[in-house]
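> next come a sequence and a model predicted from it.
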Amino acid sequence: MRLNRVYVDAVLSQGLHLELPPAAGVHLAKVLRVRSGDELVVFAGDGSEYPASVESVRGSRVSVAIGAARAPDRESPLAVTLVQCMARADRMDVIVQKATELGVARIIPVQSRRGVVRLDPAQAASKAAHWRAIVVSACEQCGRNRLPSVETPRRLLEYLGSLASGSARLLLDPGGKPRRAAPIGAEVTVAIGPEGGLDEEEIEAFRLAGFESMRLGPRVLRTETAAIAAVACLQDRYGDLSDG
C-alpha cells in the first residue's frame, strides 16, 4: 500500500518527534482520518525521506515520530530548467505541477511582451510562493524528495541578458526545425513562449543568448501543452522517463 507523504520545512532526524504543518494535519486528520499508529512518510526536500508513525491526533493536530532516513534516487540524470512565459493562472498552475512530476530541476517564470499576465513586484512574489506550494504538493504525490526551485517572475529580456555561457538551450518555436537526436549533456534549458507568441526582438534575443529554435511536430501547441510535451520528450530521450 502506498503511504501518504508529507513535506515539512524542518531539519529531520531519526528519533525526532514533531507536529506536522497545520495544512497537512487538517488533510490527514479530517480527510484521510489517520489514527495513532498509522504510518506515513515525511521529507524536507534535501533528497532523503523518513518513515514516520502517527503518535497522536488531536482535532486537526497530528504528531509523528520519525524513523531512520533513506534516500531513494528519484531524480532524473537530466537537469531540466524550464523557462516559461507566464500563462493565465490555471494554466500556469498546471505547467508547474506537471513539470514537477516530470522531474524538472528549476522553473523560471518570465513576463514576455505579448503575454497576457502582468504582475507588479508584490504580485510576482505572491505568485512565486503560490507556485512553490504547488511544487510541494506535486512532490508529495509523485515521490520526489528534492523540490525543484521556482524563481520569482521577471521580464524575459532581463533574464536573457543575465545569462552567461552554459548548457544546451532550446526554444520551442513553431517556425523552428525538428531537432536532431544529438547528445545534450547533463543539463538543458528549454524555453516556452506565451499564449500570444514571442515577438521578433524576443526571438532574436533568444538566438543571441545561445538558444536553438526547434519545433515539436507540425502542429502549433498551446503554451501549457508545449511545456509538458517538451519536458516529457527531453526526459524520454535523455533522462529517465523511459526507465522501468
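Yep, it's here. Numbering: from 1, shown residues only.
> any idea which element A125 lies in?
helix 121-142 (DSSP states H and E).
> how near is K127 to L234?
Distance from K127 to L234, counting by CB to CB, to the nearest Å: 25 Å. Any C-beta I mention is one placed from the backbone N, CA and C, and that applies to glycine too.
> neighbour count: the two, which is higher?
Neighbour tally, K127 and L234, criterion other CB atoms under 10 Å: the higher count belongs to L234, 23 against 19.
> quick one: strands adjacent to whichever strand or helix holds T81?
Using DSSP H and E, T81 falls within strand 79-85. Using DSSP bridges, the strands paired with strand 79-85 are strand 106-111 (parallel), strand 187-192 (parallel).
> if we can go back for a sec, for the helix holding A125, list every residue counted as buried.
For helix 121-142, burial by neighbour count (16 or more other CB atoms under 10 Å) applies to A124, K127, A128, W131, R132, I134, V135, V136, A138, C139, E140.
> what of stretch 84-98?
Under 16+ other CB under 10 Å, the buried positions of stretch 84-98 are Q84, C85, M86, A87, R91, M92, D93, V94, I95, V96, Q97, K98.
> hang on, the earlier thing: can you name the next helix or strand after the helix holding A125?
Defined by DSSP H and E, the subsequent element after helix 121-142 is strand 149-150.
> what pairs with that following strand, parallel or antiparallel?
strand 106-111 (parallel).
> where does the prediction get shaky in this protein?
1, 179-182, 244 (pLDDT under 70).
> nearest the geometric middle of it, what residue?
In the chain, the residue lying closest to the centroid (CA atoms, centre = their mean) is T100, at 3.2 Å.
> my guess is that one is in a strand, correct?
No - the assignment for T100, made by DSSP: H, G, I helix; E, B strand; the rest coil, is helix rather than a strand.
> no further queries at this time; thank you.
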